[in-house]
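1. Sequence isn't available, so here's the structure alone:
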């Protein structure tokens, strides 16, 4: 019987293609539950899940909460403001408190890369990384792959182009690892200040001109431009970014006919993506949301579903 | 069942061959039509995995007899099992498809082997999440006894007395490439999985 090798899901870098396949297959089966009149199955009744969000999040948090609810797991959430996370408690002390509270699974988002790994090493509970610093956001990578696979049937041999702030993007890292493991070719494009120096070591190709990167792409993944980065001089102006790297109908037209358009949200309409294509027929942005719930249900089931 | 457990099994007897399975399904189709006075309001639902092709065959057979199409769906009960925490593995979730609203309809659940009754219990719970059926009936190709819940089959292909240590294996063309029902016995051993159904 296929299983995940680790008790935790911390990133896609060290996950095998077989494991990713198992998660995507399970998520496809879970997807149907979301469309039922009664959106709940009793699978994880009596299991306890703790969410620790050290960074603000709307859709990832809601998505995990819904996944817990649909599988009947009990979910307790701690947000940063108004909790001891905000009162200067060290990560080490938080970990020790988590350990004695004894949830079977902990979902963690943290501004520092590696924080969920530290937690995972020190507790017996399973840990799911809901985004750590600029490192990885594995559930987003998985839901991106699921959303594409449900349209194309396979990820093998696809050309996936990722455009935007790769430097500060954990989504991009998870997508690059994940899609490549499943047999896709990944091409990235951004202003050189927003490309991390080691990115080609991950196996993807860098195209400085966005037009070159988009040529013949099967999937175009647009990343969110964090507007506060302008103040840190990563790019001269939002308008210039839009002119040179914003994805509009003309640029999307360079990709294969019918190429799929994705964005992890929240979108800056008119900056990294124009409204006409974000709401157009090639956009699968609204598929990504329910698929995200299904992927998280699959992980909860695969990590908590069986006995010890 | 893992391969190690499988290696400890030896075939004791074949209890149905392809012809016997096919005749049983023809008879059950007639019984379904008789009991429900036709096909009005019925839907067949096969339980993964081997109940699914059996349900599809019953639907085709009933169509041949009555000349009306009978809706046919399938159900994965993995997420409703009561033994998930007793198992070491995580069974694959294979998806569920119910083509129409089952409210007020007669749902006929189809499974290959009826044993403890826990699969049918789980399937009934799953069905209730899709609506409020008018009635639920159960088809089992083989009823091997040893019920742990107050559940019975309405239509049975063959009643087979077994001991708890034995295993009944059903093979169907669509999944296994051949057709038969056999009883396997454990070589010099007790049931190692404590009655957990496969």
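-> That came in fine, so what should we check first? This one's a predicted model, so the numbers in the text were calculated from it and none came from an experiment.

2. For residue A:77, see how far away residue B:58 is.
-> Using Cβ to Cβ, to the nearest Å, we find residue B:58 at a distance of 47 Å from residue A:77. From N, CA and C alone the C-beta is placed, and that goes for glycine too.

3. Neighbour count: these two, which is higher?
-> residue B:58 (23 against 15; other Cβ atoms under 10 Å in any protein chain shown).

4. Pull the contacting residues for the closest residue to residue A:152 other than its chain neighbours.
-> Using Cβ to Cβ, 6 or more residues apart in numbering or on different chains and skipping residues adjacent in sequence, the residue nearest residue A:152 is residue A:158, 6.6 Å away. Residues in contact with residue A:158, defined by Cβ atoms under 8 Å, 6 or more residues apart in numbering or on different chains, are A:148, A:152, A:179, A:183-185, A:218-219.

5. what do you get for residue B:60?
-> Contacts of residue B:60 (Cβ under 8 Å, 6+ apart): none.

6. Equivalent analysis for residue A:149, please.
-> Contacts here follow Cβ under 8 Å, 6+ apart; on that basis residue A:149 touches A:24, A:155.

7. Could you look up the SS state of residue 116?
-> Since no chain was named, I'll use chain A. What DSSP: H, G, I helix; E, B strand; the rest coil gives for residue A:116 is helix.

8. Go ahead and confirm it touches residue A:110.
-> Yes: assessed by Cβ atoms under 8 Å, residue A:116 is found in contact with residue A:110 at 6.4 Å.

9. Compare the two (neighbour count), which wins?
-> Comparing residue A:116 with residue A:110 by other Cβ under 10 Å, the one with more neighbours is residue A:116, at 29 against 24.

10. which residues do residue A:116 and residue A:110 both contact?
-> In contact with both residue A:116 and residue A:110: residue A:132, using Cβ under 8 Å, 6+ apart.

11. Residue A:176 contacts residue A:202, correct?
-> Yes: counting by Cβ under 8 Å, residue A:202 is a contact partner of residue A:176 at 5.1 Å.

12. Those two - which one has more neighbours?
-> Legend: neighbour count by other Cβ under 10 Å for residue A:176 and residue A:202, higher for residue A:176 (25 against 15).

13. Can you tell me how far that one is from residue A:200?
-> If you go by Cβ to Cβ, the gap between residue A:176 and residue A:200 works out to 10 Å.

14. State the distance from residue A:57 to residue B:111.
-> Per Cβ to Cβ, residue A:57 is found 43 Å from residue B:111.

15. Neighbour count for the two, which is higher?
-> Taking neighbours as other Cβ under 10 Å, residue A:57 and residue B:111 compare with residue B:111 leading, 27 against 17.

16. for that one, what are its contacts?
-> Taking Cβ under 8 Å, 6+ apart as the test, what residue B:111 contacts is B:46-47, B:50-51, B:54, B:119-120, B:123, B:138-141.

17. Alongside chain A, which residues does chain B contribute?
-> B:2, B:76, B:78-81, B:84-97, B:125-126, B:129-131 (Cβ under 8 Å from any Cβ of the partner chain).

18. quick one: the helices in chain A?
-> Secondary structure of chain A (DSSP state H): helices located at A:17-34, A:59-70, A:91-101, A:115-122, A:138-152, A:170-181, A:210-214, A:238-245, A:249-252, A:275-278, A:285-304.
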